[in-house]
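Student: compute the structure for the input listed below.
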Amino acid sequence: MIRSMTGFTSASGALVPHSWGWELRSVNGKGLDLRLRVPDWVDGLEVGLRSALGAEIARGNVTCNLRITRDETAGSLAVNEAQLETVLNALHQIEARAMDAGVSLAPSKATDIVTMRGVLEQATTVDDVEALAATLLAEFPAVLADFNAMRTREGAALTQVMMTQLAEVEALTAQAAALAEARKAEMATTLQRNLARVLDNSEGVDADRLAQELALIAVKSDITEEIDRLVAHVAAARDLLGQGGAVVRKLDFLMQEFNREANTLCAKAQNTDLTRVGLALKAVIDQMREQVQNVE
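Tutor: This next block holds a predicted model:
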């Protein structure tokens, strides 16, 4: 299946205390240009992503963005033992002084102590960067698959457009062939008339040599070879589009060959209708070449 060079996808994931968002996009390019914007503190991530992208994408300017955020509130609560000891000692001293003074205090409850500043605090978690990298690399193939699915859909649309253009080239080629066949008798009559005119008005002219020159002119105006090559190029282009994969270089070469044959046909036309068909061929071929530039 033909794939387009343009595509986009996004995805998100999480592994406590981290969450992240992917963005993968590509535009047209002559070769493969990978631009990765990923956190450099996750060891091995960029190398793994670059390898995965290079294995799946043959052509285009590809940008991969990964933004990772850390939830500082994630994690469990823990008792600060030192602070708890300080609070308990203070409570013990207060209760002792109150008893000495004959003051009766209500018994302290655990819930009262927990709410005191510094007794209960957020536990410090140590990030497992290795596990994070493994999770990200395991998730990326799904992101890449979604990205390629979009490029494949775009490629199917491009293929349909180019198939329609090839059908138009085929129809114009058949029309050119019919016009060339129809003008053969006219050209033969014209050449004979011109030959007779020259012979009637020239003395000492080698009639055989003159006939050879006129025959050479007739050969130079024959577009049979151009028609045959155009037919062959249409068949080759259809095969490539049906074959799929990274075929852009072959398609690009065919576009050059299409254009060369159309130019030669126009140069040999010597006929208004045939010239018109040749110019129409050039226009369709140029449109087709623009579409090829979008193919991976």
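Student: which stretches of the stretch 101-250 of the chain form helices?
Tutor: Counting by DSSP state H, counting those that start in this stretch, the stretch 101-250 of the chain has helices at residues 110-114, 129-200, 207-220, 224-243, 248-268.
Student: so for residue 50, which of those helices sits nearest?
Tutor: Nearest of the helices of the stretch 101-250 of the chain to residue 50, taken as Cβ to Cβ: helix 129-200 at 10.9 Å. (Each C-beta comes from the backbone N, C-alpha and C, glycine too.)
Student: that closest one to helix 248-268, inter-axis angle?
Tutor: 20 degrees (axes from the mean of the first three to the mean of the last three Cα atoms, to 10 degrees).
Student: rank the helices of the stretch 101-250 of the chain by pLDDT, which is bottom?
Tutor: The minimum mean pLDDT among the helices of the stretch 101-250 of the chain belongs to helix 207-220 (a mean of 57).
Student: what's across from the closest residue to residue 6 other than its chain neighbours in the sheet?
Tutor: Spatial nearest neighbour of residue 6, chain neighbours left out: residue 27 (5.7 Å); criterion: Cβ to Cβ, 6 or more residues apart in numbering. Per DSSP bridges, the residues bridged to residue 27 are residue 61.
Student: next up, the contacts around residue 27.
Tutor: 5, 6, 60, 61 (Cβ atoms under 8 Å, 6 or more residues apart in numbering).
Student: now do the host helix or strand of residue 54: everything it contacts.
Tutor: Counting by DSSP states H and E, the element that carries residue 54 is helix 45-56. Here helix 45-56 makes contact (Cβ under 8 Å, 6+ apart) with 32, 34, 36, 38-40, 62, 64, 66, 133, 136-137, 140-141, 144, 148.
Student: tell me the mean pLDDT for that helix?
Tutor: 95.
Student: my guess is residue 35 is in a strand, correct?
Tutor: Yes: secondary structure of residue 35 (DSSP: H, G, I helix; E, B strand; the rest coil): part of a strand.
Student: who's in contact with it?
Tutor: 61, 62, 63, 64.
Student: tell me the bridge partners for it.
Tutor: residue 63.
Student: what about it, distance to residue 59?
Tutor: Residue 35 is 14 Å from residue 59, where distance means Cβ to Cβ, to the nearest Å.
Student: now flag whichever of the contacts of residue 27 is closest to residue 160.
Tutor: Using Cβ to Cβ, the contacts of residue 27 come closest to residue 160 at residue 6, 16.0 Å.
Student: can you give me the distance of that closest one to residue 26?
Tutor: 6 Å.
Student: next, show the common contact partners of these two.
Tutor: 60, 151.
Student: these two: who's more crowded?
Tutor: More crowded of residue 6 and residue 26, by other Cβ atoms under 10 Å: residue 26, with 27 against 18.
Student: what residues are up against the more buried one?
Tutor: Counting by Cβ under 8 Å, 6+ apart, residue 26 has contacts 5, 6, 7, 8, 57, 60, 61, 62, 63, 147, 151.
Student: for the fourth one, phi and psi?
Tutor: Same thing as residue 8. phi -160, psi 140 (degrees, to the nearest 10).
Student: right, and it touches residue 151 too?
Tutor: No: contact criterion Cβ atoms under 8 Å: residue 8 and residue 151 do not qualify, at 9.3 Å.
Student: could you dump the contacts of residue 26 to a markdown table with distance to residue 261?
Tutor: Below are those laid out as a markdown table (distance: Cβ to Cβ, whole Å):
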| residue | distance to residue 261 |
| --- | --- |
| 5 | 27 |
| 6 | 30 |
| 7 | 34 |
| 8 | 38 |
| 57 | 33 |
| 60 | 30 |
| 61 | 32 |
| 62 | 35 |
| 63 | 39 |
| 147 | 38 |
| 151 | 31 |
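Student: I'm done for today, thanks for sticking with me.
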